[in-house]
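>>> Test case, fold it:
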Amino acid sequence: MTGVSEDGREGAVSSSVERRRERASLARPIAAADAAALLGGADATDLGDRLRERSRARRLLVLRRIAWTVVTAALVGGATWVVFFSSLFALSTTSIQVSGEDGALVTVESVRSSVAGFEGVPLTRLNTQAVARAVESNVAVKSASVSRRWPTSLRVSVSMRAGMAVEASSGSYWLVDDQGVAFERLGSAGGYPLLTLSEDRATGASDVASVLGALDESTRSQVSAITSSGTQVTFTLRGGQTVKWGTNEDAPQKARVLATLLANVTATTYDVSSPNHPVTS
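Modelled structure (predicted):
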């Protein structure tokens, strides 16, 4: 058997201990200086340079992000100002397009004049409902709708009031629509029936409109005066006959019964308030 010398055993033990120390040292985080000491020479310099380059790259990235944020904010702020406050989209009332006007009570120029207070307001901030209300300040306008025409104009569509009867006032006549609004002064009644309304003008006018709308053309042309008192409607024909219509219920049936009576029965009063049981006298 070949023996191992005492010196050989001691060398092996010593080498084993040294290797364990090196592994323990490498297992810990190594600072750049320590790494340089371990690697030595050019390797240490390269590692330090790479660490410094990475640090500079991180700083540059942060600076670029900050700069981009500042530039983006400036661009957004500038665009917002242009869109909402500059004259680029400012309303020009002279270029407003108008439709539905009658050319007499409501004209293109009168509509443009009604919205003159909005001149120069950017379309992006313009309240189209407020513009519509300004147009409707003309009593002859029943309603108005407004839409934007980019970049600086509007389209205004007007719905005119339609007269159904006239009211006498101070020696003249006013044309009245189905909402009870008197909107045009006339020199004479013309072919319109003379209207008398109760205090609730809107309801009374609606009832009268229902009656006149239900009558056939021949009968409607004979109506010379019509009155709404509460829920009851009565009217007078040009021949002097009185028609008691009652409420606006069953209007189509009442109109048919009345037409039949006028064609076949001579009377001074026709009561069709109960159309299944009409009465003449």
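>>> Would you map the strands across the stretch 1-150 of the chain?
Counting by DSSP state E, counting those that start in this stretch, the stretch 1-150 of the chain has strands at residues 97-99, 141-149.
>>> The stretch 151-281 of the chain too?
Here the stretch 151-281 of the chain has its strands, by DSSP E, counting those that start in this stretch, at 153-160, 165-169, 172-176, 182-186, 194-196, 223-229, 232-237, 242-246, 269-271, 279-280.
>>> Take these and lay them out in a markdown table including distance to Thr94.
For every residue, glycine as well, the C-beta is placed using N, CA and C. A markdown table is the format used below for the strands of the stretch 151-281 of the chain (distance: least, Cβ to Cβ, whole Å):
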| stretch | distance to Thr94 |
| --- | --- |
| strand 153-160 | 9 |
| strand 165-169 | 37 |
| strand 172-176 | 31 |
| strand 182-186 | 27 |
| strand 194-196 | 40 |
| strand 223-229 | 44 |
| strand 232-237 | 48 |
| strand 242-246 | 51 |
| strand 269-271 | 57 |
| strand 279-280 | 63 |
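>>> In a markdown table: those strands, plus mean neighbour count.
Shown next, in a markdown table, are the strands of the stretch 151-281 of the chain (neighbours: other Cβ atoms under 10 Å):
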| stretch | mean neighbour count |
| --- | --- |
| strand 153-160 | 19 |
| strand 165-169 | 18 |
| strand 172-176 | 20 |
| strand 182-186 | 16 |
| strand 194-196 | 20 |
| strand 223-229 | 19 |
| strand 232-237 | 20 |
| strand 242-246 | 20 |
| strand 269-271 | 17 |
| strand 279-280 | 14 |
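>>> Output those strands in TSV; the columns should cover mean pLDDT and distance to Thr203.
What follows is the strands of the stretch 151-281 of the chain, written out as TSV (pLDDT from 0 to 100; distance: least, Cβ to Cβ, whole Å):
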stretch	mean pLDDT	distance to Thr203
strand 153-160	98	21
strand 165-169	95	15
strand 172-176	96	14
strand 182-186	96	16
strand 194-196	98	14
strand 223-229	97	8
strand 232-237	98	11
strand 242-246	98	15
strand 269-271	98	22
strand 279-280	97	26
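>>> Nearest to Glu101, out of the ones you listed?
Smallest distance to Glu101 across these (Cβ to Cβ): 5.2 Å, for strand 153-160.
>>> Who are the packing partners of that closest one?
When contacts are defined as 3 or more Cβ pairs under 8 Å, 6 or more residues apart in numbering; DSSP states H and E, strand 153-160 sits against strand 97-99, helix 128-135, strand 141-149.
>>> Compare the strands of the stretch 1-150 of the chain and give me the one nearest Leu91.
Smallest distance to Leu91 across the strands of the stretch 1-150 of the chain (Cβ to Cβ): 9.1 Å, for strand 141-149.
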